[in-house]
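Chemist: Below are the sequence and a predicted model for it; my questions follow.
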Amino acid sequence: MRIRILLLSLAATSLVVGCARSPTLAEPSGFFVALKNCRARYAEIDAKIDAAGVRDGVFYRVPGFPYLRSDRMLASFRDEVASVDEVGAWLRRMREFDQEAREFEFENLGLNDQERAILRGEFLNCGRGLAALEFDNPDNFKLVHDTMVPPDAYSAGTRALGLYPLTLPLLRASVRDHEAAVRRDFAKPRAELLGAGAPLRWQVQPVEDVALIPTKVSDAYPDELGFPGLVDSAWRAIAEVNAPELLMAQGARERQLGTPIWIADGHGGSRLDIDTTRPQVHYQIGFTRFGAERLIQVNYFLLFRTPDALPGEVPVDGLIWRVTLDNELRPIAYDTARASGREHFWFAIRSEVPRRQPADGPTAFFPLDGLVPAEPSLILDRSGGVRGVTAADTSVTAQRYQLARYEDLYRLPLPGGGTRNLFDRAGQIAGTRTPAPEWYAASGVPQPGTLRHFMRLPVSYLGEQHFDDAYVLEQAFAPLLPTVATGP
């Protein structure tokens, strides 16, 4: 790869994003002759995937490059990769995202183990070879640079119609009133929040050895972009250690924790339900940028069977709890949001990490002014929302939930055989409608109340904020300045 020419060309040219542009393709020959049919094979398989409706809705497909997919974190590095190793790691990660997404697409397409293995090997070679061939051309690198940022989750059309400016005063008033009500709830005594009788208490069922957790993230073999590398059991151990304890009021028992399943709908198809006999919390490891640091985030996805769904709607509600860890793998911040994007709350843990001062535009919402415990219990109300963060309650016998990988949701078994992704191509759980004023759609959030994948989640009706923003932590906290050693 002519990396020097490529990087200089990128720095010197800024093309308008959104223009119809296509990659510059070279005719494979010599060493690359085996790649001759690769793009045709991508087009063939992708057409089958789209026809079957099993397109993965998580990672963003980079236009013109069927072997590359991105996310907001990776896109945040596009102006920073400056060496051969960094560029190679950046492109390699996009290829890995594509390979990961295709695994679920192939399985949901109904391919057997042998068919999936053949396609896996074929596209692994195609992606690696096409990247080596096509990114020898600086124009292709510039094209990826300009088009690999995932689109935002807000409807530009709604805002273009002028509905957002017209309703902005109402949106501000509604959000302000709701935040005031939330603050009042968080100020209530714990006994009042939980009501009479013993609460329902949930804790994670430990499986992994905590000795697998490294002392520092920086010791975990970071790659060229600074992302740590650990084996799956170590990642799970980190998730177990930081998994939330839940306290549910007596009146919330009907809103039961469970795992999503497809069941027969009586018409030859299937519909979504929650199996409350298998309480699970699904987790996924993510990352955020905080100043010059890359910090680990553990996302926990809770699904409940709700009794208050309207006729024809899926009786499912969801909540996301996220733990951000520092370099010593200690919690540095918590935040939560409903799986529809409502009620994005932040919680401070350590006094040495200062909150952001309010500024113009959307600001992070803290329902509590003080610090919360480093090992908290979440008090959930009757609607499944977080209304308290308190110290662990050892006086109540705990029931156990199992941790499961978030990726398991991408291939849930169907009653008649085969699998289907919980999320559709738009990253939504189709048919879900949780409480949210319909007129909130004027904010640009399509279908308020619909449950979404956490990487396709808008979390503000004022301005634009995404749950998976690469600098999401800096919306709430100011990065710490690095300590500079001084002489005697």
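Modeler: Good, I have the coordinates. Residues are numbered from 1 along each chain as shown.
Chemist: need the strands for the stretch 201-350 of the chain, in chain order.
Modeler: Along the stretch 201-350 of the chain, counting by DSSP state E, counting those that start in this stretch, strands occupy 245-248, 256-264, 270-275, 280-290, 293-305, 316-325, 331-338, 345-348.
Chemist: closest to residue 56 out of these?
Modeler: The stretch from the strands of the stretch 201-350 of the chain with the least distance to residue 56 (Cβ to Cβ) is strand 280-290; that distance is 14.3 Å. Every C-beta, even on glycine, is put in place using the N, C-alpha and C of the backbone.
Chemist: name the helices or strands packed onto the closest one?
Modeler: helix 72-75, helix 232-241, strand 256-264, strand 293-305, strand 399-405 (3 or more Cβ pairs under 8 Å, 6 or more residues apart in numbering; DSSP states H and E).
Chemist: can I get the CA coordinates of that strand in CSV?
Modeler: The C-alpha trace of strand 280-290 is given here as CSV (Å, rounded to 0.1, in the frame of the first residue of the first chain):
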residue,chain,number,x,y,z
GLN,A,280,-31.3,-13.6,31.6
VAL,A,281,-29.5,-10.4,31.1
HIS,A,282,-27.6,-10.0,27.8
TYR,A,283,-24.3,-8.2,27.8
GLN,A,284,-21.9,-6.7,25.2
ILE,A,285,-18.5,-5.2,25.6
GLY,A,286,-18.0,-1.8,24.0
PHE,A,287,-15.6,1.1,24.2
THR,A,288,-15.7,4.8,24.6
ARG,A,289,-13.1,7.6,24.2
PHE,A,290,-12.4,9.8,27.2
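Chemist: All further residue positions should be reported with the first residue as 33.
Modeler: New numbering, starting at 33: the last item is strand 312-322.
Chemist: Using neighbour counts, pick out the buried residues of that strand.
Modeler: 312, 313, 314, 315, 316, 317, 318, 319, 320, 321, 322 (16 or more other Cβ atoms under 10 Å).
Chemist: gap between the two ends of stretch 485-493?
Modeler: As for stretch 485-493, its first-to-last residue distance stands at 18 Å under the measure Cα to Cα, to the nearest Å.
Chemist: My error: substitute stretch 358-371 in the last question.
Modeler: Chord length of stretch 358-371, first to last residue, is 25 Å (Cα to Cα).
Chemist: so where's the stretch 33-182 of the chain uncertain?
Modeler: Applying pLDDT under 70 to the stretch 33-182 of the chain flags residues 33-52.
Chemist: what about the strands in it?
Modeler: Listed in chain order, the strands of the stretch 33-182 of the chain (DSSP E, counting those that start in this stretch) span 92-93, 101-102.
Chemist: thinking residue 276 is in contact with residue 411, fair?
Modeler: No - applying Cβ atoms under 8 Å as the test, residue 276 and residue 411 come out as separate, 11.0 Å apart.
Chemist: circling back to that earlier point, quick one: the buried residues of strand 312-322 as JSON lines, columns for distance to residue 487 too.
Modeler: As requested, those are exported to JSON lines (distance: Cβ to Cβ, whole Å):
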{"residue": "312", "distance to residue 487": "20"}
{"residue": "313", "distance to residue 487": "18"}
{"residue": "314", "distance to residue 487": "13"}
{"residue": "315", "distance to residue 487": "14"}
{"residue": "316", "distance to residue 487": "9"}
{"residue": "317", "distance to residue 487": "13"}
{"residue": "318", "distance to residue 487": "8"}
{"residue": "319", "distance to residue 487": "12"}
{"residue": "320", "distance to residue 487": "13"}
{"residue": "321", "distance to residue 487": "16"}
{"residue": "322", "distance to residue 487": "19"}
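Chemist: Counting neighbours, what do you get for the closest residue to residue 266 other than its chain neighbours?
Modeler: Among residues not flanking residue 266 along the chain, residue 244 sits closest, at 4.2 Å (Cβ to Cβ, 6 or more residues apart in numbering). As a burial measure, residue 244 scores 15 neighbours (other Cβ atoms under 10 Å).
Chemist: Mind checking the strands of the stretch 33-182 of the chain for the one nearest to residue 261?
Modeler: strand 101-102 (19.5 Å).
Chemist: Give me the contacts around that closest one.
Modeler: Outside of strand 101-102, the residues within contact range by Cβ atoms under 8 Å, 6 or more residues apart in numbering are 91, 92, 93, 94, 126, 129, 130, 133, 180, 181, 182.
Chemist: Stretch 267-277 now?
Modeler: Residues outside stretch 267-277 that contact it (Cβ under 8 Å, 6+ apart) are 233-236, 238-242, 244-245, 262, 313, 315, 317, 328, 330, 332, 353, 355, 357, 361, 363, 407-410, 424-425, 430, 435.
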